[in-house]
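# sequence and computational prediction follow.
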Amino acid sequence: MDFNLTEEQQMIVKTTQDLVVNELYPHEAEIEETGVLRHDLRDEIKKKAIEAGLYAANMPAEVGGAGLDTLTWVLYEKELGRANYALHWTCVARPSNILLAGTPEQREKYLFPCIRGEKWDCLAMTEPGAGSDLRGMKVRGPTRQVTKLLGELGAIPVGMPLPQIPDALSKGTIEGCVIPWEVVPSVKVHELTKFHSEFPAGRPALYTTTFVMAMNKAKYEGLAPDLKKVIDANSGLATSGWLGKTQQANDCLLYTSPSPRDS
């Protein structure tokens, strides 16, 4: 049995080595020092990897990949693995094989753009009761509607007043809570939780509480005209919309995973 590499395998190893030495190694110090992979550098190396036929090389030839057999693919990965992970994994991407299982429409939308270097795929792994997965976690919701939303996400919703949150977290009665950022210090939730999820501004959040800013009518009528004018100018739908967006932007989910889920 001949265990020597074929000419094609030797060529792929050499081509990969050249890319690593000439295009990846020179930028390792920058990546290690800054912790940032510049977009222009990423695109430059990606272009060279595509030209060398090394981009998405793990994919079958019929979908635009290199169609490497198992041994050749391992040799290819071995050479790339000599370089900084951010460089070789991002700039010389190898799309997840799971994308091959998609329908024709899904392949067009997800697989082929990744093979062409137009998009990147990513994989998130979690488990019930830990990390960002709410399934099975006991989470305090501020309103009935929020507890319903938490239930839809697989959590075990728990309704309770705000002052009870610290004691419930410390005793393990709940594992997380939905709460605005500005309230966190007053109940010391930051001292009792290990993680948080923040909702992006402009996107829906897990809060439906209605806030009303009201003033006693008699007090208002007793104000001087200039003071009434100031209040009138800062009231109405526009102000209500601004207050709502401000509140939503400060919503967050804080949670802790008690032992043995911390591992």
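Perfect, thanks for sending it.

# distance check, Thr90 against Leu19.
Per C-beta to C-beta, to the nearest Å, Thr90 is found 14 Å from Leu19. Every C-beta, even on glycine, is put in place using the N, C-alpha and C of the backbone.

# ignore what I typed, I meant Leu150.
48 Å.

# which residues of the protein fall in helices?
7-19, 28-34, 39-51, 70-80, 85-91, 104-106, 112-115, 144-152, 165-171, 184-187, 189-192, 217-221, 225-233, 237-249 (DSSP state H).

# for these, which one sits closest to Arg135?
helix 144-152 (10.6 Å; C-beta to C-beta).

# minimum distance to Asn58: which of the helices of the chain has it?
Per C-beta to C-beta, nearest to Asn58 of the helices of the chain: helix 70-80, 5.9 Å.

# how far does the closest one sit from the chain's center?
On the basis of C-alpha atoms, centre = their mean, to the nearest Å, helix 70-80 sits 30 Å off its chain's mean C-alpha point.

# what comes up buried for it?
By 16 or more other C-beta atoms under 10 Å, the buried positions in helix 70-80 come out as 72-73, 75-76, 79-80.

# would you map out the domains in this structure?
Listed domain ranges for the chain are 7-115, 138-255 (source: automatic domain parsing).

# in TSV: those domains, plus mean pLDDT.
TSV is the format used below for those (pLDDT from 0 to 100):
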stretch	mean pLDDT
domain 7-115	93
domain 138-255	83
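
# Throw these into a markdown table and include distance to Asp121, thanks.
Output for those, formatted as a markdown table (distance: least, C-beta to C-beta, whole Å):
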| stretch | distance to Asp121 |
| --- | --- |
| domain 7-115 | 5 |
| domain 138-255 | 21 |
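
# before we move on, the earlier item: can you redo the helices of the chain as a markdown table with distance to Val178?
A markdown table is the format used below for those (distance: least, C-beta to C-beta, whole Å):
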| stretch | distance to Val178 |
| --- | --- |
| helix 7-19 | 48 |
| helix 28-34 | 36 |
| helix 39-51 | 35 |
| helix 70-80 | 43 |
| helix 85-91 | 34 |
| helix 104-106 | 33 |
| helix 112-115 | 35 |
| helix 144-152 | 6 |
| helix 165-171 | 10 |
| helix 184-187 | 12 |
| helix 189-192 | 11 |
| helix 217-221 | 34 |
| helix 225-233 | 32 |
| helix 237-249 | 12 |
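
# looking at those helices, spot the one closest to Met59.
Closest to Met59 of the helices of the chain is helix 112-115 (C-beta to C-beta; 5.6 Å).

# could you dump the closest one to CSV, C-alpha only?
Output of helix 112-115 as CSV, limited to C-alpha atoms (Å, rounded to 0.1, in the frame of the first residue of the first chain):
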residue,chain,number,x,y,z
PHE,A,112,-24.0,29.7,-2.5
PRO,A,113,-23.4,33.2,-1.1
CYS,A,114,-21.2,31.6,1.5
ILE,A,115,-19.2,29.6,-1.1
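
# so who does Ile174 touch?
If you count contacts by C-beta atoms under 8 Å, 6 or more residues apart in numbering, Ile174 has them with 138-140, 158, 160, 165, 168.

# before we move on, back to that, tell me which of the domains of the chain sits nearest to Leu123.
Taking the domains of the chain one by one with C-beta to C-beta, domain 7-115 is closest: 5.9 Å.

# sounds good, over and out.
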